[in-house]
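Chemist: build me a structure from this.
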Amino acid sequence: MTQRIVAALLVLVVGAGAIYLFMPDRKGAGIVIDPTDRAMVALGGEIYASQCAACHGAGGEGQPGWQTQNTEQNPLAPPHDGTGHTWQHPDDALFELTKSGLSTIACRTLDSDAMPKFGEILSDDQIYAVLSYIKSKWPPDILRQNVEINEIYGFQHE
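Modeler: From the prediction side, this is the model:
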């Protein structure tokens with residue numbers, strides 16, 4: 001069971017990298033995931049409460065058992081606080097996952113609707129707002145590490 005979870009996480013990480021590599025160059029394209037923008041964070045909090053909290057938890061805690069009981073047939077939402085893996089992905093990958101759904105990251109069609117395509121429901125700006133809200137909840141050390149990840153992938157906030 002543990003090997004399956006490790007394999008699933010590896011697929012997720014590799015998929016996030018693949019999305020980044022095959023995405024059009026978006027540097028300087030105005031992607032704004034800004035956890036310090038109060039208006040954006042406030043809007044993101046409202047959207048998170050109505051669109052994300054049912055699965056990821058009101059406090060971003062995720063679903064119980066997400067690390068040990070997560071399967072393709074029974075997908076469990078990971079936390080978006082500092083205890084999950086959300087912070088380990090660059091902004092572009094977070095945006096694409098949120099907009100296009102989990103099938104994009106997995107590079108194949110999944111039978112479940114584990115992570116819907118929010119691009120069909122939310123505008124790009126609303127997705128940026130939700131991600132800004134999520135990042136505003138991370139502890140300072142996690143936020144710093146995420147900034148470093150964005151720098152590694154060549155994405156820097158202006």
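
Chemist: only C-alpha atoms from now on, for both contacts and neighbour counts.
Modeler: OK.

Chemist: find the centremost residue of this protein, please.
Modeler: Closest residue to the average C-alpha location of the chain: residue 94 at 3.9 Å, with Cα atoms, centre = their mean.

Chemist: element containing that residue?
Modeler: In this structure, residue 94 sits in helix 91-100 according to DSSP states H and E.

Chemist: check residue 138 too.
Modeler: Using DSSP H and E, residue 138 is not contained in any helix or strand.

Chemist: hmm, back to that, gap between the helix holding residue 94 and the chain center?
Modeler: Relative to its parent chain, helix 91-100 has a centroid offset of 6 Å by Cα atoms, centre = their mean, to the nearest Å.

Chemist: against which helices or strands is it packed?
Modeler: With contacts taken as 3 or more Cα pairs under 8 Å, 6 or more residues apart in numbering; DSSP states H and E, helix 91-100 sits against helix 2-22, helix 102-106, helix 124-136.

Chemist: pick out the shakiest of those helices, pLDDT-wise.
Modeler: Lowest mean pLDDT within the helices and strands packed on helix 91-100: helix 2-22, at a mean of 55.

Chemist: any regions of this structure where pLDDT drops low?
Modeler: 1-31, 103-113, 155-158 (pLDDT under 70).

Chemist: again, only this time at 50
Modeler: 21-30, 158 (pLDDT under 50).
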